[in-house]
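Asks: Please find the sequence and the predicted model below.
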Amino acid sequence: MELIAKLKLVNVGDEIEVLSSDKGSANDIPEWVKKVHHEMVGITQQDGYWSIVVRKAK
Amino acid sequence: MASNTLYILLCSGEHEKVQMAAMMASVAAVSERPVEVFVSMNAIHAFEKGLSADKRYHGGAYSKLLKEKKAPDPLTLFRQGRELGDLKLWACSMALDVQGWELDKLEDGLFDEALGLTKFLSDAETGQFVTL
């Protein structure tokens, strides 16, 4: 939800990185990004957390 | 393609059902799907103004786990869904009547209005309907 709120505030083309310790987010965020037509930049598993980078596309 | 509206009838005040209703409503709303939630029966108690989280959310085997793992507060999820998407909440006028409550007994900033079941059902004819 925080990602979605932040995406509303930034400019088209800006990227936001989400750090999450929750595997659910690593699954759900890409699905949401696809559904609402933003862009996934990348998702990487770090030591104990996921880094999920999203680009605002519209 | 425009999504059809998701209609959620929330009757149970059990923690896991209130949690699931809030999760479905907020996720659908932020995924550009209109959502309407009709809150009736025992579920209306979870929306009473001024309760602590412990008093507000209880019942069901998952309640303890949801609290321990700090699942997002359902009322916060409903508020976020309203801010970020097209989410409406209606309080069942019958449930308020039998409690002797007005809308102002419920938490502020959540409900659009009190509504009758007949109107909700009629609006819901064209959407997808889920009962919790």
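Replies: Good, I have the coordinates.

Asks: quick one: the helices in chain B?
Replies: B:15-30, B:53-56, B:62-68, B:74-84, B:93-99, B:117-123 (DSSP state H).

Asks: just how off-centre is the fourth one within its chain?
Replies: Put simply, helix B:74-84 sits 10 Å off its chain's centre (C-alpha atoms, centre = their mean, to the nearest Å).

Asks: and that helix with chain A, contact?
Replies: Yes: using C-beta under 8 Å from any C-beta of the partner chain, helix B:74-84 comes into contact with chain A via B:77, B:80, B:83-84. From N, CA and C alone the C-beta is placed, and that goes for glycine too.

Asks: would a markdown table of these with distance to residue A:11 be doable?
Replies: A markdown table is the format used below for the residues of helix B:74-84 next to chain A (distance: C-beta to C-beta, whole Å):
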| residue | distance to residue A:11 |
| --- | --- |
| B:77 | 27 |
| B:80 | 22 |
| B:83 | 20 |
| B:84 | 18 |
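
Asks: top of the residues you listed by neighbour count?
Replies: Top of the residues of helix B:74-84 next to chain A by neighbour number is residue B:77, holding 23 neighbours under the definition other C-beta atoms under 10 Å in any protein chain shown.

Asks: Chain A contacts on chain B?
Replies: With C-beta under 8 Å from any C-beta as the criterion, chain B comes near chain A at residues B:26-27, B:30-32, B:72, B:77, B:80, B:83-84.

Asks: biggest separation within those, which pair?
Replies: B:32 and B:72 (20.3 Å; C-beta to C-beta).

Asks: Name the nearest of the residues of helix B:74-84 next to chain A relative to residue A:1.
Replies: Proximity of the residues of helix B:74-84 next to chain A to residue A:1 (C-beta to C-beta) peaks at residue B:80, which lies at 4.7 Å.
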